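S.K.: got a predicted structure plus its sequence, pasted below:
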Amino acid sequence: MVMRQPVVFGVGQLTNRATAPAAVREPLDLMVAAARRAAADAGIGARLAEVDELTVVNIISRAYADPAGMLAARLGMQPARRVYTAIGGNSPQWRVNETAARIARGEVRLALIVGAEAVGGLQLARKTGVKLQWAEAGTPETVGDMRWGNNAVEQQHQAQMPTSIYPLFENALRAHRGWTLERHRAHLGALCARFAAVAKDNPNAWFRDGKSATDISTVSETNRLIAWPYPKFMNAIIAVDQSAALLMADRDTALQLGVAPEKLVHLVGCGDATDHWFISDRANFWSSPALSRAGASALAQARLDLAQIDAFDIYSCFPSAVQISADMLGLALDDARPLTVTGGLPYHGGPGNNYVTHSIAQMVEHLRARPGSRGLVTGVGWYLTKHAVGVYQSAPPTHPFERADPSLDQTAIDAEPHPQLAVEASGSASVETYTVVHDRDGAPALGIVVGRLADGRRCWANVREAQTLAAMEQREFIGVAGQVRHDPTTQTNVFEP
């Protein structure tokens, strides 16, 4: 039996801080640059043309007609397989996992995974009235789960933006832990400051000012509340121009290409799983059975336990994602090991679906610099919905790469019970979780409430009354009893404590 051990052997990252429209580079250009940097990092130069599988991660800032085909042409490639992913921040790690399995089976010799965003440049051009001349737009074919992230009831109650949904998880976490609002605020500031400190020392990070816990947790003119309890500095920042690329092969192929052995970082474990698709169907708002299973599967494949991991990059679009992920992995938040190697999406920058390509690239460099070390990377799609986990190590493993079938875990997850949803709700209810969305001036504008009716059914509702909105941020609102009624005019449910 041939033992084909998948490795990441070349990485490239680029952060383009354009201050004028003329300096803005479109995502296609950024991907070309990142791919060439990955080839230079590996020392394979022109042999980039030998790539036989090319993955482009879903791009938000430009829907190209054929992104993988256009990139292949720019790089002089003729890959046998070209892939463009569905929406989801799990996509880069998921594609690494999928590609690794194909490499281990001998179906892929040399693979490139690459993505880019230029949302910051696009916004700059719009503000200055400049029309950017980017390559042809269109509707490309995609791979992966293409379902939209919200159901109609969630959308009707304005629970569709990540900035409004992740605070629902955060408030549920606080109540689950029994923390006061004051303790919780201090905890969030300290947690985020750890990430900001890493970004300060990362030359690829977008924000390198190393914000303190007080800077991050204190609401101010520059740090307005987005949705309670998150001010701006706790939110992923998508208005960045960044690209990253990964080159993969099996270990023997990489060495035959002339790659130095110390450049090779081995994927030794992986896991992929999806929670109940709509958050309305989750058993609770403070856990993720899918991530728990994906993490356990990855560590089992790697034949490691969590204590043997030296560094992490936990997906960090919002603090609740970090905390729930850590809980599901069994990782204490005060663990001295790094929780991020990039600085996370609020400080490194959150280039759409492609952040995890950066975190994997950074993890590869981190492990190369520390021979014998191991790292774990997580990726999240939608609202703690789609999960991907990868375990990496610098030293070659002594056992073959054998990915467990993700469908085995998925069947168990899909079978887990969940509450029934009441679409048009009325009667007594108690608050299960909530948030208050603020407008661009920082004023409270809308309350979003998830409640439980007396019969155990879950319901969505809104709050618009100013006095109630203020009270929702001044005391613990989870567990508060009240009445919910359906408003036929707005087709929403309304909660009154």
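M.R.: That came in fine, so what should we check first? Treat the numbers as computed from the prediction; the structure is a model and nothing was measured.

S.K.: on the three-state scheme, G456 is what?
M.R.: At G456, secondary structure determined by DSSP: H, G, I helix; E, B strand; the rest coil is coil.

S.K.: please apply the same query to G295.
M.R.: helix.

S.K.: quick one: the strands in the stretch 151-300 of the chain, in order.
M.R.: Secondary structure of the stretch 151-300 of the chain (DSSP state E, counting those that start in this stretch): strands at 225-227, 230-231, 241-250, 265-274.

S.K.: pull up the pairing partners for the last one, direction included.
M.R.: Strands flanking strand 265-274 in the sheet, each with its direction: strand 6-15 (antiparallel), strand 386-393 (antiparallel) (DSSP bridges).

S.K.: make a markdown table out of the strands of the stretch 151-300 of the chain and add mean pLDDT and distance to Q78.
M.R.: C-betas here are computed from N, CA, C, even on glycine. Listed next are the strands of the stretch 151-300 of the chain as a markdown table, based on pLDDT from 0 to 100; distance: least, C-beta to C-beta, whole Å:
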| stretch | mean pLDDT | distance to Q78 |
| --- | --- | --- |
| strand 225-227 | 98 | 46 |
| strand 230-231 | 98 | 46 |
| strand 241-250 | 98 | 17 |
| strand 265-274 | 98 | 26 |
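
S.K.: can you say which of the ones you listed is packed in most?
M.R.: For the strands of the stretch 151-300 of the chain, the largest average neighbour count (mean count of other C-beta atoms under 10 Å) is found in strand 241-250, namely a mean of 29.

S.K.: rewinding a little: same list (the strands of the stretch 151-300 of the chain) but as a markdown table, adding distance to R458.
M.R.: Shown next, in a markdown table, are those (distance: least, C-beta to C-beta, whole Å):
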| stretch | distance to R458 |
| --- | --- |
| strand 225-227 | 20 |
| strand 230-231 | 23 |
| strand 241-250 | 38 |
| strand 265-274 | 20 |
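
S.K.: for N462, find the nearest of the strands paired with strand 265-274.
M.R.: strand 386-393 (27.3 Å; C-beta to C-beta).

S.K.: would you mind finding the most buried of the strands paired with strand 265-274?
M.R.: Of all the strands paired with strand 265-274, strand 386-393 carries the top mean neighbour count, a mean of 28, counting by mean count of other C-beta under 10 Å.

S.K.: residues of the helix or strand just after that strand that come out buried?
M.R.: Beyond strand 386-393 on the C-terminal side, the first helix or strand identified by DSSP states H and E is helix 406-414. Neighbour-count burial for helix 406-414, counted by 16 or more other C-beta atoms under 10 Å, picks out P406, D409, Q410, I413.

S.K.: now for the residues you listed: which two are most distant?
M.R.: Farthest pair in the buried residues of helix 406-414 (C-beta to C-beta) is P406 and I413. Separation: 10.2 Å.

S.K.: overlap of the contact sets of those two?
M.R.: Counting by C-beta atoms under 8 Å, 6 or more residues apart in numbering, the residues touching both P406 and I413 are A273.

S.K.: could you dump the strands paired with strand 265-274 to CSV with distance to G330 and mean pLDDT?
M.R.: Shown next, in CSV, are the strands paired with strand 265-274 (distance: least, C-beta to C-beta, whole Å; pLDDT from 0 to 100):
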stretch, distance to G330, mean pLDDT
strand 6-15, 25, 98
strand 386-393, 13, 98
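
S.K.: distance to A68 added to those strands, as JSON lines?
M.R.: JSON lines is the format used below for those (distance: least, C-beta to C-beta, whole Å):
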{"stretch": "strand 6-15", "distance to A68": "17"}
{"stretch": "strand 386-393", "distance to A68": "20"}
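
S.K.: so which of these comes closest to I237?
M.R.: I237 sits nearest to strand 6-15 of all the strands paired with strand 265-274, at 12.5 Å, using C-beta to C-beta.

S.K.: can you give me the mean pLDDT across stretch 174-184?
M.R.: For stretch 174-184, the mean pLDDT works out to 97.

S.K.: so what pLDDT did V2 get?
M.R.: 67.

S.K.: can you pull out the helices in the stretch 1-150 of the chain?
M.R.: Taking DSSP state H, counting those that start in this stretch as the criterion, the stretch 1-150 of the chain contains helices spanning 27-42, 67-75, 91-104, 119-127.
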